[in-house]
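*Asks:* below are the sequence and a predicted model; questions follow.
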Amino acid sequence: MRVEDTDRERSTAAAVDVIFDGMKWLGLEFDGEPVFQAQRADRHVEAANAMLASGGAYRDYTTAEELEAERTLARAEGRVVRSAWRDRPASDAPEGALFAVRLKAPLEGETVVHDLVKGDVTFRNADLDDLVILRSDGTPTYNLAVVVDDHEMGVTHVIRGDDHLNNAARQTLIYQALGWALPAFAHIPLIHGPDGAKLSKRHGAQAVGEFRDMGYLPEAMRNYLARLGWGHGDDELFTDAQAAEWFDVADVVKAPARLDWDKLNFVNQQYIRAADDHRLAALVTGVRESRGMGTPESQQARLTTAIALVKEAAHTTLQLADLVEFALAQRPLPLGEKAAALLTEETRGRLHRLSRKLEGHDDWSPEALNAAIRAFSTEEGVGIGKFGAALRGVLSGGLSAPDLASALAILGRDESLGRLSDAL
RNA sequence: GGUCCCUUCGUCUAUCGGUUAGGAUACCAGAUUUUCAUUCUGGGGAGAGGGGUUCGACUCCCCUAGGGACUGCCA
């Protein structure tokens, strides 16, 4: 684990925390202690000095204004930016002037990046500019730092977004200037938003933590994300172990994939079904808390029962919280307008008789209750539709609720009969 | 502008020269049903366009178009 924090401005403690939190939540663990790149600046500077000494780099005294002018000119001429100091003797340098250190890249020939995903990508060296490796304040830049750290940390595979494919060529030049062996490169496509625009850190970034807040399970995210840009036959749902066994960078798709909320929701639903009810209860309790709703310890058992009976309908834990809300509402429940309208004299009588029947009912399993409701319907000589909606309204207080038998089972005998008697 | 990358159903993908181009999701229809959902069954839906190479191209090559990345003393 390495935090690339060479940009001291952007890399705040909060920004770094987001990274660690996100990884921890996603369940992506790492070996050893994290390395903070900025703390290895001395090593990076040493490498830059070595390049300076061997002629692989040069001091650039160009001012910001001059650089800007050169940039416009270079663009107009359709060529890459070149510093005048590349070939000027350092003795020309103004006394005490600040300088940046640039890689002295070859002007001729070509550089080939052997990429595990994209294949061999060839760049003409003339199209590669002399990137800055040390800023005028003496701090190293990302491109130098990664090369030095990857080398010294023994990194064998550099797998990153394909927005770095161009950098791979220039970093290759740094490796060569330093006389180091290259790691294997694999540039994987970026993930785009549903509209096809790129989903990145600078454009309304979707930090992983946001998915947690939206009610997604980390294992569902792992599965969904793995399928974005990669496939293994017809397999859609698989474990981490299977993914690890099947995955090979070489199989990664070359084109960027779009994030599809519908499919993410479907995958998440599958994982919610498979998830442990107590774990889900804890998550739902958290969701309720963020909504300003408490879930007392005394309600936990009912919450867990409710989750077991309704979770198959939930795409997210947010929806799951909605689905169990009726079970945790406090008596007496307000009767919604619709439910009140359904409570005609006839229906009241019917629910009254049903209530008496349920009082004497021992088995409060959904199956038994379902049978009881059906039997009652037969006794009354009417379809369930005649009183089902009203019963639902009384039990749920207008909130969404599962089928009647499940709702009764979730609430339990006392609460169910209590809600009925409140309304009647 | 320049360099580089990419292009199979709406979306995610399978296919690695010979398939009725498969699956998932989404969508539509039907069934189930006490709301919503779930579940089940069925259905429509794709190789960007044009040239080659080949007995045969989604698969290989070229061109065009479209999309994207980079072009920073950011990462």
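*Replies:* Noted; the coordinates are in hand.
*Asks:* okay, now the unreliable bits of the stretch 101-250 of chain A?
*Replies:* Along the stretch 101-250 of chain A, segments meeting pLDDT under 70 span A:200-206.
*Asks:* residue numbers of the stretch 101-250 of chain A in contact with RNA strand B?
*Replies:* Residues of the stretch 101-250 of chain A lying close to RNA strand B (CB under 7 Å from any atom of the strand) are A:118-119, A:121-124, A:127, A:129, A:131-132, A:135-137, A:141-143, A:162-167, A:189-190, A:192, A:196-198, A:200, A:227-234, A:236. Any C-beta I mention is one placed from the backbone N, CA and C, and that applies to glycine too.
*Asks:* mark which of these are buried, thanks.
*Replies:* A:118, A:121, A:123, A:129, A:131-132, A:136, A:141-143, A:162, A:164-165, A:167, A:189, A:192, A:227-230, A:232 (16 or more other CB atoms under 10 Å).
*Asks:* from the residues you listed, which ones fall inside helices?
*Replies:* Judged by DSSP state H, these include A:142-143, A:165, A:167, A:227 as members of helices.
*Asks:* let's have those residues in a markdown table, adding distance to residue A:301.
*Replies:* A markdown table is the format used below for those (distance: CB to CB, whole Å):
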| residue | distance to residue A:301 |
| --- | --- |
| A:142 | 53 |
| A:143 | 58 |
| A:165 | 55 |
| A:167 | 56 |
| A:227 | 37 |
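*Asks:* from these, which is closest to RNA strand B?
*Replies:* residue A:142 (3.3 Å; CB to the nearest atom of the strand).
*Asks:* that closest one and residue A:5 touch, don't they?
*Replies:* No. With contact defined as CB atoms under 8 Å, residue A:142 and residue A:5 do not form a contacting pair (9.8 Å).
*Asks:* in strands, which of the residues of the stretch 101-250 of chain A next to RNA strand B fall?
*Replies:* Within those, residues falling in strands by DSSP state E are A:119, A:121-124, A:132, A:192.
*Asks:* for stretch A:273-288, which positions count as buried?
*Replies:* For stretch A:273-288, by 16+ other CB under 10 Å, it's A:275, A:277, A:280-281, A:283-285, A:287-288.
*Asks:* inside helices: which ones of these?
*Replies:* Using DSSP H, the subset of those located in helices is A:277, A:280-281, A:283-285, A:287-288.
*Asks:* what about RNA strand B: which of these touch it?
*Replies:* Okay, of those, nothing touches RNA strand B (CB under 7 Å from any atom of the strand).
*Asks:* kindly reformat those residues as a markdown table containing pLDDT.
*Replies:* A markdown table is the format used below for these (pLDDT from 0 to 100):
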| residue | pLDDT |
| --- | --- |
| A:277 | 96 |
| A:280 | 97 |
| A:281 | 97 |
| A:283 | 97 |
| A:284 | 97 |
| A:285 | 97 |
| A:287 | 96 |
| A:288 | 96 |
